[in-house]
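Engineer: Predicted coordinates and the sequence they were generated for:
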Amino acid sequence: EVCANSFQSAKNAQDAGAHRIELCENLEIRKYFSKEQMLSDPEVDTVIICTPTGLHPLHGLEVLESGKNVWSEKSLFLDSTKRAEFSAIYSEKHSTFSEMFMFLYHPQLERLQSLIWGEEFGKVFSMTARFCIPHLDGTNIRYDPQLGGGSFLDAGCYPVAAANALFGTEYTKISSNFTKEPDFSVDTSGYATISYPGGGTAYLEWGFGMTYSNEISLRCEKGNIYVNRAFSKPADLETVVEITDSRGSCNELLIGPSNHFVEMMDRDCSITGIDWVLSQSIMMEDILQNSGKNDILSIYIFFILSLG
């Protein structure tokens, strides 16, 4: 049950517009004008963090230390120091933390898993996942390195999550590359190749300033599988799983509309809980470290140290 909404300050509440306050009143939920006010309320047991990604580690620790559960929109952290800090507070406070990768709760992704985990398609050789968008306005927070901006944290985390969900968390090798366009202070695109013990390979791509792509494809021994609108989709959208068999014949499986945000909240973010967050952060960190791009690494190292 949603019981309250918190603004960073009274000024921010005004800047956000009267519609946000009106929303709280229409839903009959409380509104707070500071995080301290919200975290001190004993009736709040879980806090959803929707601040810029670079603030997630700081805000997540504050929420956990208050004894409340954390649900983080996108990645919560990506380095070993923060993994240790969050794990220690979890052990002490018994509060939990989860990441809100909503697409993992949609029937579309669940159907993908059932198809490749069964025997019908035989061995899965590779998966390709892409999440790319055109450039946004230059003042958008996604271009601010001090707020954890950049395409990797904003868009790249979704293909990484798809690889974890479909191929598992055990891998043998990662190679990656990040690109920072001229006149930008953050990474604007990247890709990663991940090899798995069973011989499968994941090809992941993300970026800003690219044609919109939101898709997953799988090459299998006995056919290929493709889905569009894999990561982001409206609640009323009927999606399709496209299947091409080994002889080239095509078939479509219709997936009914579903609000994956509601599905995720109804299930208490159970799929993407503590174990998921830890393994996701390890893979994200490995992708970053294996890029070999010192200018990109320095951006993320600054982000990590500045919040330490």
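Structural biologist: Cool, got the structure.

Engineer: Residue 192 pairs with what?
Structural biologist: Note on residue 192: beta-bridge partners residue 176, residue 204, judged by DSSP bridges.

Engineer: Mind listing what's buried along the helix or strand harbouring residue 56?
Structural biologist: Residue 56 belongs to helix 56-65 when assigned by DSSP states H and E. Within helix 56-65, the residues that count as buried by 16 or more other CB atoms under 10 Å are 56, 57, 58, 59, 60, 61, 62, 63, 64. To be clear about C-beta, it is placed using only N, CA and C from the backbone, and glycine gets the same treatment.

Engineer: Can you give me the first-to-last residue distance of stretch 22-34?
Structural biologist: Terminal residues of stretch 22-34 lie 18 Å apart, using CA to CA, to the nearest Å.

Engineer: Pull out the buried residues from it.
Structural biologist: Quick answer for stretch 22-34 (16+ other CB under 10 Å): 24, 31, 32, 33.

Engineer: quick one: which of these is nearest residue 242?
Structural biologist: Residue 242 has its nearest neighbour among the buried residues of stretch 22-34 in residue 24, at 42.0 Å by CB to CB.

Engineer: Leaving out chain neighbours, which residue sits closest to the closest one?
Structural biologist: Spatial nearest neighbour of residue 24, chain neighbours left out: residue 31 (4.3 Å); criterion: CB to CB, 6 or more residues apart in numbering.

Engineer: just residue 147 next, same as before
Structural biologist: Once flanking residues are discounted, residue 147 sits nearest to residue 52: 3.9 Å by CB to CB, 6+ apart.

Engineer: The stretch 201-308 of the chain: helices as residue ranges?
Structural biologist: 260-266, 274-289, 294-306 (DSSP state H, counting those that start in this stretch).

Engineer: Could you tell me how far residue 211 is located from residue 133?
Structural biologist: In this view, residue 211 and residue 133 are 9 Å apart by CB to CB, to the nearest Å.

Engineer: Next: residue 213.
Structural biologist: Taking CB to CB, one finds residue 213 at 8 Å from residue 133.

Engineer: Packing partners of the longest strand seen in the chain?
Structural biologist: Counting residues, the longest strand found in the chain (DSSP state E) is strand 124-133. Secondary-structure packing of strand 124-133 (3 or more CB pairs under 8 Å, 6 or more residues apart in numbering; DSSP states H and E): helix 157-167, strand 201-208, strand 213-220.

Engineer: picking that back up, starting at the chain centroid, how far to the helix holding residue 56?
Structural biologist: 17 Å (CA atoms, centre = their mean, to the nearest Å).

Engineer: And the pLDDT at residue 298?
Structural biologist: At residue 298, the model reports a pLDDT of 51.
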